[in-house]
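Trainee: Structure for the following, please:
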Amino acid sequence: MDNLYLIIFIGLSGFILFLFFYILSIEKRIERKFASIELGLEELNKEVFLLKKKLKENESIKAIEKIEEIIETVVDDIKYMEEKNTKFYKKVEEKIASLEYKIKKSPLNNCLNISKHEEDKILSLFKKGYSVEEISRELRIPAGEIELVLKFSNF
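Mentor: Presented below is the predicted three-dimensional model:
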C-alpha cells in the first residue's frame, strides 16, 4: 500500500509540476502579448500626438490665412483711400493754381508796380524783424504797398 501511495504521490507531484510549468508558460505568453500591446499603445500615443500637432499647425495656418485676408482688405482700403486723396489733392492743386493766377492778374497787383525781386526783399526784411516803416525807408517804396505785399504773402 505504501507503494500505491507513493505512486499516487509521485503522480500528483508530477501533475502539479506539469500544471506549474503549464501555468508558467501561459503566463510568459500573456506577458509577451501585454508587451506587444504596450508597444502598440505607445505607437498609437505617438500617432495621436503627431495628429494633434498637425491639427494645431493647421489651425495656426488657418489663423494666418485669416490674418492675411484681413491685411489684404486693409491694403485694398488704403489703396482706395489713396486714390481718392490723390484726386482730391489734384483738385486742390488746380484750385490753388487758378487762385494764384487770379491774384497775379488782379488789378491790385498791376497797380503796385513792384517787381518780384523787390517783393522778395520786402519779405526777407520783414522776416528779419524790420517794421513796415523801416522797409519803406530802406527800399523807398510806400508803406501802403509794403503792407499790401505782406497781406498777399500771408504775413
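Trainee: What strand or helix carries the residue nearest the centre of the chain?
Mentor: Per Cα atoms, centre = their mean, the C-alpha nearest to the average position across the chain is that of I71, at 7.5 Å. Element membership of I71, judged by DSSP states H and E, is helix 2-105.
Trainee: What are the neighbouring residues in contact with the closest residue to E138 other than its chain neighbours?
Mentor: With sequence-adjacent residues excluded and distances taken as Cβ to Cβ, 6 or more residues apart in numbering, E138 is closest to L125, at 6.6 Å. Just so you know, the C-beta spots here come from the backbone N, C-alpha and C atoms, and that holds for glycine as well. The contact partners of L125, taken as Cβ atoms under 8 Å, 6 or more residues apart in numbering, are E134, I135, E138, L139.
Trainee: how does it look with 10 Å?
Mentor: S131, V132, E134, I135, E138, L139, I146 (Cβ atoms under 10 Å, 6 or more residues apart in numbering).
Trainee: Distance from the chain centre to stretch 63-81, please.
Mentor: Chain-centre distance of stretch 63-81: 10 Å, with Cα atoms, centre = their mean, to the nearest Å.
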